[in-house]
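Asks: need the 3D shape of this:
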Amino acid sequence: MICYFDCFSGMSGDMILGALVDAGVSPEKLSKALSCLPVRGYRLNVKEVKRAGFRATKVNVDVYSSQFTVHSSRKFKDIEKIVKSSSLSKDIKQKGLAIFKRLFETEAKVHGERFDRVHLHELGAVDCIIDIFGALIGLDILGIKKVYASPLNLGGGTIKTSHGVLSVPAPAAAELLRDVPVYSSDMPFELTTPTGAVLITSLAENFAPMPDMKISKIGIGAGSKDFKKQPNVLRVFIGQNAAFRTQIENKVIVIETNIDDMNPQMYEHVMEILFKAGALDVFLTQVIMKKGRPGVKLTVLCSKDKKEALMKIILKETTSIGLRFYEAGRTTLQREIKMVKTKFGNVRVKISKMGNEILKSAPEYEDCKKIAEKLNKPLIEVMKMMNINIPK
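Replies: Next up is the predicted model:
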């Protein structure tokens, strides 16, 4: 199962809980799972509300008595002790601690303090702990394997904090949202909170329009404020992967350069280095350049995080003095490698799927080559004689 968070009115911890409960997570089951944490003195308050005339589920963490208060200060080691002493699953413990570590690292950076000395105030209170672990538990209950989200609406205006009045987004939220697509509506209110920011940026694989999916459930979580201009809600769409991967999964960076003054023998070496450095694909195209000179266009496909390293390699290893790059969409079938038993022995087979449907399968070239050499048969004959029975 996958889920997609529609963050047109921002994102907060309580909105995530509301959306997941609305999508089918039993409040009783959620409360029972949260009781594995040694945190007491709170209750989940679940109710149906309306936001701009639309129904939604509101989940509040009501703190009535605890070793924490809403404004208490706690260091990372305090949160770590609570989590490690809990009876939550190992996976949820690890994810939760990683999320809290990001919060503390972010607070340390924006306040210029050491990690082991920085304190979280409202972020370290019971409501934050329950929001974060409640979200992880809710996703686990629903069987969500992958999370995606839309660009985040930050809102606008100012907010009051323990450090004074600040403009939206707050420094911690802004830091957490680096490299994430965001925008600001004219709503004079903080729509994306630091807790919401750390949760969605830790969980979501990508931020883009809704992926190709078959929707089976929709959950609507309410924010605290009821705006007149727009429903202050977070929607979550839950379902199965459709035929193709999500659009953003197939976004790649294309790097190109035209070369007409390099020894052709060098290209093999350059391509090998680029692949080792993480290029998704490298290919050469014959081109005719100015004054009719023959040349070669070197094209490299890569993920965004590999762009700078690969550009540096091209400029160092070729005669090029300039590059161009751009983002492009790429649709690919789901692919996997399986070991298949054939009459020639075990062979690796590349399988391409659209959803659960196998569209293509082909034996790996290197395995076929070894068999051909071993049997002293033409490679083309070996590949034709392959009777591939794909295991389910």
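Asks: any weak-confidence spans in the stretch 1-150 of the chain?
Replies: Within the stretch 1-150 of the chain, the stretches falling below the threshold (pLDDT under 70) are 65-73, 120-125.
Asks: residue boundaries of the helices in it?
Replies: 13-22, 27-34, 76-84, 90-111, 126-141 (DSSP state H, counting those that start in this stretch).
Asks: okay, now residue 230: neighbour count?
Replies: By the measure other CB atoms under 10 Å, the count of residues near residue 230 is 15. (Glycine included, C-beta is placed from N, CA and C.)
Asks: list the residues that contact residue 210.
Replies: Contact analysis of residue 210 by CB atoms under 8 Å, 6 or more residues apart in numbering lists 4, 6, 148, 150, 237.
Asks: next: residue 48.
Replies: Contacts of residue 48 (CB under 8 Å, 6+ apart): 55, 56, 57, 58.
Asks: looking at the helices of the stretch 1-150 of the chain, which is nearest to residue 187?
Replies: helix 13-22 (14.4 Å; CB to CB).
Asks: wasn't residue 267 part of a helix?
Replies: Yes. Counting by DSSP: H, G, I helix; E, B strand; the rest coil, residue 267 is part of a helix.
Asks: who's in contact with the spatially closest residue to it that is not a sequence neighbour?
Replies: Of all residues beyond its chain neighbours, the one nearest residue 267 is residue 284 (6.1 Å), with distances taken as CB to CB, 6 or more residues apart in numbering. Neighbouring residues of residue 284 by CB under 8 Å, 6+ apart: 267, 271, 296, 297, 298, 299.
Asks: and of those, the nearest to residue 224?
Replies: Using CB to CB, residue 299 is the member of those that lies nearest residue 224, at 50.3 Å.
Asks: what about the closest one, how many residues close to it?
Replies: By other CB under 10 Å, neighbour count at residue 299 equals 15.
Asks: residues touching it, list them.
Replies: The contact partners of residue 299, by CB under 8 Å, 6+ apart, come to 254, 255, 256, 281, 282, 283, 284, 285.
Asks: most surrounded residue in these?
Replies: Of the contacts of residue 299, with other CB under 10 Å as the count, residue 255 tops at 23 neighbours.
Asks: helix or strand: which one has that one?
Replies: In this assignment (DSSP states H and E), residue 255 forms part of strand 251-259.
Asks: just to revisit the earlier point, and the contacts of residue 284, which is closest to residue 21?
Replies: Minimum distance to residue 21 across the contacts of residue 284 is 48.3 Å, recorded for residue 299 (CB to CB).
Asks: tell me how far the helix or strand containing that closest one lies from the chain's centre.
Replies: Assigned by DSSP H and E, residue 299 falls within strand 294-302. Using CA atoms, centre = their mean, to the nearest Å, the distance from the centre of strand 294-302 to the centre of the chain it belongs to is 30 Å.
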